[in-house]
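Q: need coordinates for the below:
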Amino acid sequence: MNANVYLAYDYPVLGAFWTAVWIFLWVLWVLLLFRVIADVFRDDSLGGWAKAGWLVLVIGLPFLGVFVYVIARGKNMGRRERDHVRAQQQAVDDYIRETAGGPDYSSDVEALAKLSEIRAKGDITDDEFRRAKEKILH
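A: Numbering: from 1, shown residues only. The predicted structure follows:
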């Protein structure tokens, strides 16, 4: 029981700081690596062999491959990411509109045209036409 434990002295504050910095840089590196790999797959202007070449370079020599990729093709990485996010948002918006049954203007126009034909034939009164028209437009 006489064994003294000096944890604070065994690992100084500066050592803890440098450990935190290295962990932060390692996490940042892993995120950059996966972002580059995702960008290789996302880029439609690259052919299959070019994608395979970039992947071999990035996975085989990760530091060199990522740095070369960022220097050579990093200028448009943000644009490709932005286009991908916009396409995803558009797909979500379209799905919500389709599921919720939001206003479909082409069907509204067709419904109004049919309603107008029915009124022209005299099958409904002007008041019924007005109420049906309000129902379609709202």
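
Q: average pLDDT across stretch 31-38?
A: Taken as a whole, stretch 31-38 has an average pLDDT of 92.

Q: run the chain-centre distance for that stretch.
A: Relative to its parent chain, stretch 31-38 has a centroid offset of 15 Å by CA atoms, centre = their mean, to the nearest Å.

Q: any buried residues in that stretch, and which?
A: For stretch 31-38, burial by neighbour count (16 or more other CB atoms under 10 Å) applies to 33, 36-37. Where you see a C-beta, it was placed from the backbone N, CA and C, and this is true even at glycine.

Q: with stretch 131-138 instead?
A: Of the residues in stretch 131-138, those buried (16+ other CB under 10 Å) are 132, 136.

Q: same deal with stretch 46-53?
A: Those would be Leu46, for stretch 46-53 by 16+ other CB under 10 Å.

Q: name the residues that touch that stretch?
A: 40-41, 43, 54 (CB atoms under 8 Å, 6 or more residues apart in numbering).

Q: looking at the residues you listed, which are in helices?
A: Secondary structure from DSSP state H places 40-41, 54 of the contacts of stretch 46-53 in helices.

Q: out of these, grab the one that's most surrounded.
A: Counting neighbours by other CB atoms under 10 Å, Trp54 leads the ones in helices among the contacts of stretch 46-53 with 22 neighbours.

Q: spatially nearest residue to it, not counting backbone neighbours?
A: Val40 (4.9 Å; CB to CB, 6 or more residues apart in numbering).

Q: tell me which element the closest residue to Leu137 other than its chain neighbours falls in.
A: In space, Leu137 comes closest to Asp108 once its chain neighbours are excluded; the distance is 7.1 Å by CB to CB, 6+ apart. Secondary structure assignment for Asp108, by DSSP states H and E: helix 105-121.

Q: show me what secondary structure element comes after that helix.
A: Next along from helix 105-121, by DSSP H and E: helix 126-137.
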